[in-house]
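Visitor: Give the three-dimensional model of this entry:
(one chain, ligands or ions: 1)
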Amino acid sequence: MRLDVVTIFPEYLEPLNVSLVGKARARGRLDVHVHDLREWTHDRHNTVDDTPYGGGPGMVMKTGPWGDCLDETLADGYEAGAHSPVIVVPTPSGRPFTQELAVELSERPWLIFTPARYEGIDRRVMDEYTTRVRVIEVSIGDYVLAGGEAAVLVITEAVARLLPGVLGNAESHRDDSFAPGAMASLLEGPVYTKPPEWRGRGIPEVLLSGHHGKIARWRRDEAFRRTALNRPDLIERCDASGFDKKDREMLSILGW
Ligand SMILES: N#Cc1c(-c2ccc3ccn(Cc4ccccn4)c3c2)n[nH]c1N
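Guide: Numbering: from 1, shown residues only. Have a look, this model is predicted:
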């Protein structure tokens with residue numbers, strides 16, 4: 001997968017050099033190109049913004065630098081053999097970023113992220129590129145950030161961990177919370193490791209039993225318990241046809 005990121009804060013994307021994403025790059029699973037938008041300005045102040053038509057607070061990012069940068073980014077990617085790009089626009093008014101969308105994006109060969117600042121990018125930019133490539137506007141949550149770079153880090157990590165050969169245990173993302181399936185939207189239950197006792201606190205006996213069936217049941221029950229507590233809306237979304245008798249007993253105990 002090729003990733004391009006266009007930003008006025010290239011240093012914000014330094015975390016793409018470390019940990020899981022950094023390893024994916026080192027293994028050749030990800031080819032990341034970060035572009036400083038100001039390199040496509042022509043005035044001595046490297047201006048990327050201007051006042052909004054119609055008035056109002058804040059500034060709007062100008063068409064010129066974005067158009068010149070995206071044209072060049074697309075040309076470079078095609079020249080390098082990439083194809084079928086998707087422009088991903090982080091914005092508070094975008095569609096929610098979900099695990100389902102992460103899976104969809106992980107199957108694409110080329111993503112171009114356009115994290116903006118100020119009040120966003122002049123609408124004509126994405127109107128222009130929508131005629132040429134797929135453009136999706138995505139929000140990482142119901143809160144307001146100062147720009148889109150943090151969203152790029154979040155989306156990139158969620159996508160990169162789904163790429164073949166990136167996670168150590170190929171199966172581990174299949175058990176993710178929110179991964180497709182009957183337990184699609186249950187949250188993870190509690191986890192424990194050595195030492196067996198810490199400040200007078202032990203480990204649930206079942207986890208020391210070596211009985212894999214009982215351990216799996218306990219983990220499922222704890223997932224139901226945590227989901228009912230923190231995200232009851234997700235219980236409603238589960239495919240109940242995949243629940244067994246003990247699931248229904250647990251849900252009844254939890255008040256479902
Ligand atoms: N993804 C995502 C986001 C953002 C986000 C993303 C990009 C930009 C570019 C500018 N701003 C500031 C801003 C504030 C208010 C109205 C418009 N724009 C961004 C905010 N906020 N919250 C999310 N979940």
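
Visitor: Tell me where the model's unsure across the stretch 151-256 of the chain.
Guide: 169-184 (pLDDT under 70).

Visitor: Point out the residues in it that sit beside the ligand.
Guide: Residues of the stretch 151-256 of the chain lying near the ligand by Cβ under 6 Å from any ligand atom: residue 151. The C-beta positions use only the backbone N, C-alpha and C, and glycine is treated the same way.

Visitor: Relative to the ligand, which residue of the stretch 151-256 of the chain is the closest?
Guide: Here the stretch 151-256 of the chain gets closest to the ligand at one residue, residue 151, 3.5 Å apart by Cβ to the nearest ligand atom.

Visitor: Check which helices and strands the host helix or strand of that residue sits against.
Guide: Using DSSP states H and E, residue 151 sits within helix 149-160. Contacting helix 149-160 under the criterion 3 or more Cβ pairs under 8 Å, 6 or more residues apart in numbering; DSSP states H and E are the following elements: strand 2-7, helix 19-26, strand 85-96, helix 99-106, strand 110-113, strand 134-139.

Visitor: and the third one with the ligand, contact?
Guide: To tie it back to what came earlier, the one meant is strand 85-96. Yes - using Cβ under 6 Å from any ligand atom, strand 85-96 reaches the ligand at 90, 91, 92, 94.

Visitor: surely the third one meets residue 145?
Guide: Yes - applying Cβ atoms under 8 Å, one finds residue 92 in contact with residue 145, separated by 7.5 Å.

Visitor: List the contacts of residue 13.
Guide: Residues in contact with residue 13 (Cβ atoms under 8 Å, 6 or more residues apart in numbering) are 5, 7, 34, 149, 152, 153.

Visitor: Highest neighbour count among those?
Guide: residue 152 (27 neighbours; other Cβ atoms under 10 Å).

Visitor: Leaving out chain neighbours, which residue sits closest to that residue?
Guide: Closest residue to residue 152 apart from its sequence neighbours, by Cβ to Cβ, 6 or more residues apart in numbering: residue 113 at 4.6 Å.

Visitor: Can you report how many residues lie near the one you found?
Guide: Residue 113: 24 neighbours (other Cβ under 10 Å).

Visitor: repeat for residue 28
Guide: With other Cβ under 10 Å as criterion, residue 28 counts 8.

Visitor: quick one: pLDDT of it?
Guide: What the model reports for residue 28 is a pLDDT of 95.

Visitor: I figured the residue of the stretch 151-256 of the chain closest to the ligand hits residue 96, correct?
Guide: No - applying Cβ under 8 Å, one finds residue 151 not in contact with residue 96, separated by 11.6 Å.

Visitor: Residue 203 belongs to a helix?
Guide: No - counting by DSSP: H, G, I helix; E, B strand; the rest coil, one finds residue 203 to be coil, located in no helix.

Visitor: element containing the residue nearest to it when sequence neighbours are not counted, please.
Guide: Closest residue to residue 203 apart from its sequence neighbours, by Cβ to Cβ, 6+ apart: residue 192 at 5.0 Å. Here residue 192 sits in a region with no helix or strand, counting by DSSP H and E.
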